[in-house]
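Asks: Mind folding the following:
(one chain, ligands or ions: 2)
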Amino acid sequence: MSALSAVASVVPPANRVPIGHTSGLVINLDLDKLMAGRLLIQGSSGAGKSFTLRKIVEEAFDYLTVMIVDPEGEFGNLAEHIGATTIRAAELTNEGLTAAAVRGRQHRINLHVDLTDLDPEDRILRASAFLSGLIAVDREYWANTVLLAIDEGHLLAPHLAGSARDAETRRIGVATLTDVCARGRKRGVAPVIATQRLAKLATSVVSELQNFLVGINVFDRDIARAADLLGFDRTNADRFRNLAPGMFFAFGPALCDVPELIKIDPSITRHLGCTPDLIESAAHGADRARELLDLDSLRSCAATSRDVHLVTKGRGAIDAFLLDPNAATAARTVAALRKISPSATTSGDLALHLGAPVSEVDDALDILSAMAAVETMPRGPGRIARLHARLRQRLTDIKVVALS
Ligand SMILES: Nc1ncnc2c1ncn2[C@@H]1O[C@H](COP(=O)(O)OP(=O)(O)OP(=O)(O)O)[C@@H](O)[C@H]1O
Ligand SMILES: [Mg+2]
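Replies: Ligands and ions are numbered 1, 2, ... in the order given. Coordinates of the predicted model:
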């Protein structure tokens, strides 16, 4: 072994990137230790979490592949900056997303997964499909290291679920993100997860994270949990209440040995989740406002619309439904949608299936939508409909049976 290579083998690689400052000192994020211990960025809305995620990605993308999971569609310009390919999750199937993650890892492609336009359940399922691809990749690709930046982590692995159906989706989301955190180190995946409230993110995910950036917190319960994470006593815990945006307590092997209050440095790309500057209402006169709203046409639209079902409740609504000439088509539409639930279909497809004209199906969908029995778009080509979440939930309700 030459003298040079002997030195190279004992000097640790300097995989440290600057992300902020404290009293004039640079605070670095150690990417090797991040791989071993992951990172949680926590703070109330406006704390600067997305900004910090942006800063970390900008600094780290020269060192490893970056995959951004973006529930709010805030990181399009960051993706452009680092040359990441944007995948709109709503346009791919779950299988497609898993394959994209596998190929991204195999070929070391920076990816930006945009989860906008998905309902909360689909968002969890699509993100889980992508994340499981990252972990399922063959051992030969584990060396292709990935920084996995996840904003609003509680949307993908929520602590609580609202209904029986959500509970199953939540279980998938929590299990997948926990698995990525737990098995990620050996498989070359370093998750950085931002969340507003510790109480909202599944505890099994939080307990896998060993590095912390904790910003402003306003709820007592969050303050107590944040203090626990950083080992603060009660008096120090109150310091979480008054932090400015971009100020975080940094702690953990990849950041600081003892908690340090740091300010995250400015990013290169423009932060798209900025709080907008206040702007007063426009000084339209009463007539101009009436004209812009087109109030008269709105009134006549209400008089002719089928929204009449919305204001008729209980027996009145049932009577109105039974007397509607399209009640039979509406009932057949529900039966058809029930068969494919929770998937959606188009009004054209429904018309074909029911052997009815599209206009009749459109009328039926209008009634059902007014009764909150289906989720659908306004009339038009490619109109999509599916059974309303309330009814979908009933289909999967667990039956209660007598023991004897
Ligand atoms: N390090 C920083 N330096 C300067 N300004 C910052 C910094 N961090 C955040 N800000 C400003 O604070 C505001 C909120 O930041 P950001 O959108 O990142 O908050 P957030 O914690 O992600 O909030 P939410 O949970 O609502 O998404 C933005 O206007 C941003 O420009
Ligand atoms: Mg944010």
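
Asks: residue of the chain with the smallest distance to ligand 2?
Replies: Ser50 (3.2 Å; Cβ to the ion). (Glycine included, C-beta is placed from N, CA and C.)

Asks: for that residue, phi and psi?
Replies: Note on Ser50: backbone dihedrals following degrees, to the nearest 10 are phi -70, psi -40.

Asks: That one: neighbouring residues, count only.
Replies: Using other Cβ atoms under 10 Å, Ser50 has 23 other residues around it.

Asks: what residues does stretch 217-236 touch?
Replies: Stretch 217-236 has contacts (Cβ atoms under 8 Å, 6 or more residues apart in numbering) with 40, 42-44, 197-199, 212, 214, 237-241, 249, 251, 259.

Asks: Relative to ligand 1, how far out is the spatially closest residue to Val17 that is not a sequence neighbour?
Replies: Sequence neighbours aside, Glu59 is the residue nearest to Val17 in space, at 3.8 Å (criterion: Cβ to Cβ, 6 or more residues apart in numbering). For Glu59, the distance to ligand 1 (Cβ to the nearest ligand atom, to the nearest Å) stands at 13 Å.

Asks: Next: Ser132.
Replies: 26 Å.

Asks: hang on, isn't that residue packed against Thr176?
Replies: Yes. Contact criterion Cβ atoms under 8 Å: Ser132 and Thr176 qualify, at 5.6 Å.

Asks: My guess is Leu64 contacts Val17. True?
Replies: No. Leu64 lies out of contact with Val17 (Cβ under 8 Å); the separation is 10.5 Å.

Asks: Spit out the residues that contact those two alike.
Replies: With Cβ under 8 Å, 6+ apart, Leu64 and Val17 have common neighbours Leu31.

Asks: those strands in the stretch 301-404 of the chain, which residues are they?
Replies: Using DSSP state E, counting those that start in this stretch, the strands of the stretch 301-404 of the chain run over residues 345-346, 374-376, 384-387.

Asks: Let me know which of those is the nearest to ligand 1.
Replies: Each of the strands of the stretch 301-404 of the chain was scored for nearness to ligand 1 using Cβ to the nearest ligand atom, and the closest is strand 374-376 (26.1 Å).

Asks: Name the strands paired with the closest one and say parallel or antiparallel.
Replies: Within its sheet, and counting by DSSP bridges, strand 374-376 is paired with strand 384-387 (antiparallel).

Asks: what residues does the partner strand touch?
Replies: 333-334, 337-338, 340-347, 350, 365, 368-369, 373-377, 392, 395.

Asks: which ones are touching Ala101?
Replies: Contacts of Ala101 by Cβ under 8 Å, 6+ apart are 67, 111, 130-134, 137.
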